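# I need the structure of the sequence given here:
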Amino acid sequence: MHIIFEGVLPRHIKALVRYCISQKRFFTLQQLNTQISIFKYGYSEKMNKPRPIDRDHLTAEDKKIVQSASQMWLLGRLLPLMVGEFVPNDDPHWICYLGLLSVMVLCTAFEFTSDSIETLQLSIEDYLLRYNQLYPNSIAPKFHYLLHLPTQARLFGPLRHQWCMRFEAKNSQLKQFVGKNFKNLPKTIAERHQNYMCMHLLPSPGVERTNFLYSGDEIHKVDEYPLESFHPSQLKAIIMTTFPNKLFLPVSSCVKCLGQEFRPSGVICLKKPEDTDYPIFGEIRHVVVVRDSIYVAAQLYTTLGFNYHYYSYEVCLDNTYSVVLVSQLALYQVLHKYTINLQTLIVVRSCDHIEFFV
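Sure, this is the predicted structure:
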């Protein structure tokens with residue numbers, strides 16, 4: 001987290017935006033900030049919506065772009081969609097930035113293979129060579145730390161399992177317990193945190209708690225729908241095949257499960273990208289809750305290809321449907337679709353596979 005989201009990424013975005021605005025005049029700072037403000041973020045992204053970039057932070061050498069780590073991560077992967085239409089496809093500064101996005105996708109993957117670690121190492125080396133050629137006076141120690149990440153992944157596994165994101169979130173929560181009492185601060189924080197944990201771990205009267213740290217899935221409003229009411233016919237057929245002994249299905253408006261929020265209009269990945277094939281995505285139409293299992297009924301997309309300039313997959317809706325358990329998703333992350341110049345694009349934020357520039 002500190003190496004990329006609070007080190008390399010904000011420094012590179014600052015250098016890239018200054019290049020695009022001051023040297024090439026591809027767009028203005030006002031245009032960029034307008035895009036940041038009006039961009040149609042997905043429902044799970046709105047809480048991390050980036051702030052507008054201050055001109056002083058952009059021009060001053062001793063200041064950096066002010067964003068939280070989550071905001072910077074979101075801004076980094078959506079920046080191509082915001083301003084990519086203003087930048088030529090063959091611009092070397094833009095290609096260098098897309099190389100950083102490849103490194104980000106691999107570094108935040110939930111799993112690694114020996115091949116993906118090798119790809120990460122080559123991607124980092126290629127990125128640093130390009131960056132050093134374009135911005136020779138903008139190298140910082142955290143750029144060097146990137147070189148150690150492949151070795152760290154080989155020794156300890158996926159890098160996101162070692163980051164500080166959750167520790168920083170917990171630290172932010174503990175700061176809220178302080179209030180105005182600075183006398184014996186450790187005791188105050190300990191007592192208030194224990195009260196907080198007791199409140200959240202206390203089960204309802206007469207109900208035995210079955211888990212400790214995980215409070216369970218959050219299932220919002222549920223309505224029973226007869227199987228005959230599902231449309232179109234292709235969706236009804238796959239639902240009747242999946243639930244042959246059901247006359248009614250409990251459908252929820254929203255389910256939060258293990259940090260992911262499943263609701264209609266969200267995008268899921270049913271098949272991961274591979275060297276010889278593109279991933280398969282689907283747009284959620286219904287979230288079905290059967291006993292303790294959560295299913296999503298999705299309309300599938302046809303993946304037309306990978307648009308390297310926007311660093312996203314170009315897709316179009318198909319007339320096929322699928323019903324799948326959320327626990328069996330190829331990538332356990334809710335994605336979103338974006339429409340840029342009549343193209344429907346999907347950005348994968350973390351995966352152990354990347355598409356290469358051709």
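
# where in the chain is pLDDT low?
1, 203-215, 275-276, 356-358 (pLDDT under 70).

# quick one, helices of it?
9-18, 29-38, 55-59, 69-83, 92-107, 114-134, 141-145, 149-156, 165-176, 185-201, 233-242 (DSSP state H).

# Now find how far off-centre the fifth one is within its chain.
What that stands for is helix 92-107. Taking C-alpha atoms, centre = their mean, to the nearest Å, the mean C-alpha location of helix 92-107 is offset from the chain mean by 15 Å.

# now do the first one
For helix 9-18, the distance from its own C-alpha centre to the chain's C-alpha centre is 20 Å (C-alpha atoms, centre = their mean).

# Let me have the helices of the chain in JSON lines, extended by distance to residue 225 and mean neighbour count.
Backbone N, C-alpha and C define where each C-beta goes, glycine included. What follows is the helices of the chain, written out as JSON lines (distance: least, C-beta to C-beta, whole Å; neighbours: other C-beta atoms under 10 Å):
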{"stretch": "helix 9-18", "distance to residue 225": "44", "mean neighbour count": "21"}
{"stretch": "helix 29-38", "distance to residue 225": "36", "mean neighbour count": "15"}
{"stretch": "helix 55-59", "distance to residue 225": "51", "mean neighbour count": "13"}
{"stretch": "helix 69-83", "distance to residue 225": "34", "mean neighbour count": "22"}
{"stretch": "helix 92-107", "distance to residue 225": "38", "mean neighbour count": "21"}
{"stretch": "helix 114-134", "distance to residue 225": "41", "mean neighbour count": "17"}
{"stretch": "helix 141-145", "distance to residue 225": "52", "mean neighbour count": "14"}
{"stretch": "helix 149-156", "distance to residue 225": "45", "mean neighbour count": "15"}
{"stretch": "helix 165-176", "distance to residue 225": "37", "mean neighbour count": "12"}
{"stretch": "helix 185-201", "distance to residue 225": "33", "mean neighbour count": "12"}
{"stretch": "helix 233-242", "distance to residue 225": "10", "mean neighbour count": "15"}
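
# looking at these, which is closest to residue 256?
helix 185-201 (15.1 Å; C-beta to C-beta).

# quick one: that closest one to chain centroid distance?
Worked out by C-alpha atoms, centre = their mean, helix 185-201 lies 31 Å from the chain centre.
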